[in-house]
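Novice: need a 3D model of the following:
(one chain, ligands or ions: 2)
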Amino acid sequence: MASAKRLELQGLGVSPGLAIGRAVCIETQMLEVFRFPLPESDIGAEIERFRQAVEMAEAEIQTTRLKAHDELGDDLAAIFEAHLLMLGDRAVLGQVEKRIREEQVNAEWAVYKTAEELGERFESLESPQFRERSDDLRDVMRYLLRALQGVAHHELSELATDVVIITHDLTPSEAVRLGRQQVVAFAIETGGLTSHTSIIARDLNIPMVAGVEGVTASVTDNDPVIIDGIDGKVILHPSKSEIKKVQRRIAELENRERELLSTRELPCVTRDGIRIDLMANIDLPEEIDDARNYGAAGVGLYRSEFLYIEASPELPSEEDHLRLYQRLIDEIHPHPVYIRTFDLGGRKLAREVMDTQEDNPVLGLRGIRLTLARPKIFKTQLRALLRAGAGRKLHIMLPMVSALDEIYDFREFTAGVLKELKKERLEHTRDFDLGVMIEVPSAALVADVLAREVSFFSIGTNDLIQYALAVDRNNEHVSYLYRPLHPSMLRMIRFVIDSARQAGIDCSMCGEMAADWHYTALLLGLGLRRLSLSPRMIPEIKAQIRELTLSELAPVAERCLEMGCAKEIESYLNDVLVQSPLSSASI
Ligand code: PEP
Ligand code: MG
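Specialist: Ligands and ions are numbered 1, 2, ... in the order given. Here you go, the predicted structure:
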């Protein structure tokens with residue numbers, strides 16, 4: 001395996017574990033096509049957008065054709081000439097425009113469906129010439145979609161086994177799709193610990209290293225590679241002895257995993273007998289089993305936006321939502337399930353599902369803002385939630401709330417949907433718990449006001465840190481500034497917990513801070529009694545909690561609250577707290 005030169009690259013370990021495999025380099029993002037309805041007033045603009053995409057695609061093919069001509073000769077350049085001819089075919093373009101107009105759908109969907117239909121027609125014809133046209137058509141469709149979605153396309157057709165994906169950037173939906181194939185690890189140039197792609201890699205138990213500068217330039221397809229998601233290393237062309245060593249470590253990790261699983265039945269209590277609820281964060285249906293296997297006391301966060309990936313290329317139907325919510329609540333019963341309404345936008349599927357093009361999407365139409373701005377799409381989800389609540393306990397959680405008005409708007413919208421369900425005589429609940437994520441600083445700072453209006457809070461530190469410290473959670477260049485122990489964070493967390501306690505409502509934390517044992521003692525000291533985290537992390541955090549004495553932690557938290565910077569807090573915590581029973585590193 002190890003003939004070429006060994007090379008070791010350092011990044012950030014964002015999904016623990018080790019893997020040995022062969023590199024598959026993905027240059028760019030893959031495309032997804034979703035169907036969504038357009039209001040009549042938008043049809044003209046959508047057709048115009050399609051026409052612009054045709055021009056862009058033409059220009060791109062033209063460039064490729066010239067390059068192919070210079071480098072590869074006339075024969076290959078002819079392929080691109082065929083593409084250009086097809087793109088100039090008014091009949092084909094006319095069909096796409098007709099579909100946009102008549103079906104009132106987005107251009108991506110119209111292109112996809114038209115190409116699919118024409119392709120089937122070509123393929124049903126005997127002549128090999130027509131079959132070739134079907135391939136051309138597919139290529140042209142890709143050019144068009146790429147132009148429409150503003151992304152370059154990469155075809156990932158035949159994956160070998162033990163694939164290590166090497167790429168510049170990866171969206172969460174790509175990570176889901178690839179993770180379900182033969183992929184054993186990811187290494188990407190961008191990203192951080194709390195980016196959704198990293199969260200998905202952890203969900204799927206796939207080792208991942210993020211922020212590996214230069215990895216795409218250093219690797220070629222099929223290179224042997226080791227990914228160390230614990231220490232954040234990518235090792236190209238490893239030696240035989242190195243491979244053996246990693247194989248041994250993989251076996252050790254598997255043993256440790258078995259040991260941890262055996263602690264499932266142990267109660268999650270501190271030394272002085274205080275019970276702490278460890279709930280699961282779930283993104284994908286396969287994690288329902290994980291939640292149970294790792295002994296979760298319920299699901300503290302179900303990120304429903306991932307259902308939109310599952311249903312791709314269509315939007316999920318009301319029945320899709322309903323089936324999943326019923327299953328989730330029933331399988332986790334008697335423990336509670338907190339279902340978050342879709343938190344699309346930002347980097348999560350906005351382009352594909354909602355067709356938003358924003359310069360600064362993380363500060364744009366995401367979470368509850370997008371939900372309220374797309375009532376038709378949200379109604380489908382809300383109807384399913386209320387129907388799933390018939391005969392079951394339903395907890396609905398709203399993402400990205402930044403002001404009280406959003407809760408009022410949600411309630412008003414819900415009142416209309418409840419009326420509709422009643423009129424249709426569909427079984428549903430009117431009695432559900434409504435809560436909000438506290439992940440925007442403005443919400444944290446009015447937590448006392450919000451607490452009067454809802455039944456629970458869940459602190460989302462992934463975003464709260466990003467917005468409070470003005471540090472993009474996906475940006476590897478500023479990841480050193482992404483500090484959960486910044487004093488502003490501790491003050492906000494404390495205020496949110498106190499506000500909840502005074503109002504007599506529940507408060508938990510579902511951001512990744514809750515999954516890191518370095519912070520467990522502090523969070524309990526600040527007053528949290530409920531944490532929600534990736535199911536796989538539950539045994540480790542439980543082991544940590546069982547070593548702690550709660551009565552000693554409040555003074556530690558008080559002391560931290562008096563300190564002026566993250567570094568001071570980190571070194572103080574390192575001095576006073578015992579290390580994790582399972583890990584050896586300090587903060
Ligand atoms: C958070 O922001 O902490 C959170 C849990 O939500 P998400 O990671 O989905 O943005
Ligand atoms: Mg969030």
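Novice: spatially central residue for the chain, please.
Specialist: His196 (3.5 Å; C-alpha atoms, centre = their mean).
Novice: secondary structure element for the closest residue to ligand 2 within the stretch 201-350 of the chain?
Specialist: Nearest residue of the stretch 201-350 of the chain to ligand 2: Asp343, at 6.2 Å (C-beta to the ion). C-beta coordinates here come from the backbone N, C-alpha and C atoms, glycine included. Under DSSP states H and E, no helix or strand contains Asp343.
Novice: verify the contact between it and Glu305 for me.
Specialist: Yes - counting by C-beta atoms under 8 Å, Glu305 is a contact partner of Asp343 at 5.2 Å.
Novice: before we move on, the earlier item: look up the closest residue to the residue nearest to the centre of the chain, ignoring the ones flanking it.
Specialist: Leaving aside its chain neighbours, His196 sits nearest to Pro172 (4.1 Å; criterion: C-beta to C-beta, 6 or more residues apart in numbering).
Novice: distance of that neighbour from ligand 1?
Specialist: Using C-beta to the nearest ligand atom, to the nearest Å, Pro172 is found at 9 Å from ligand 1.
Novice: show me where pLDDT drops low in the stretch 451-587 of the chain?
Specialist: For the stretch 451-587 of the chain, the stretches with pLDDT under 70 are 578-587.
Novice: so which residues on it come close to ligand 2?
Specialist: 460, 463 (C-beta under 5 Å from the ion).
Novice: which parts of the stretch 451-587 of the chain are strands?
Specialist: Using DSSP state E, counting those that start in this stretch, the strands of the stretch 451-587 of the chain run over residues 456-459, 506-509, 530-533.
Novice: how about low-confidence regions in the stretch 101-250 of the chain?
Specialist: Scanning the stretch 101-250 of the chain with the threshold set as pLDDT under 70 gives 126-133, 135, 150-160.
Novice: same thing but at 50, please
Specialist: Segments of the stretch 101-250 of the chain classed as low confidence (criterion: pLDDT under 50) are 151-158.
Novice: spatially, what comes nearest to the residue of the stretch 301-450 of the chain found nearest ligand 1 if we skip its sequence neighbours?
Specialist: Per C-beta to the nearest ligand atom, Glu439 is where the stretch 301-450 of the chain lies closest to ligand 1, at 4.3 Å. Of all residues not flanking Glu439 in the chain, Gly460 sits nearest, at 3.2 Å (C-beta to C-beta, 6+ apart).
Novice: relative to Leu426, how far out is that neighbour?
Specialist: In this view, Gly460 and Leu426 are 32 Å apart by C-beta to C-beta, to the nearest Å.
Novice: the two: which has the busier surroundings?
Specialist: Gly460 (31 against 13; other C-beta atoms under 10 Å).
Novice: got a list of what that one touches?
Specialist: Contacts for Gly460 (C-beta atoms under 8 Å, 6 or more residues apart in numbering) come out as 399, 437-439, 510-511.
Novice: go with 10 Å
Specialist: Shown in contact with Gly460 (C-beta atoms under 10 Å, 6 or more residues apart in numbering): 194, 301, 340, 343, 367, 397, 399-400, 436-440, 443, 466-467, 509-514, 532.
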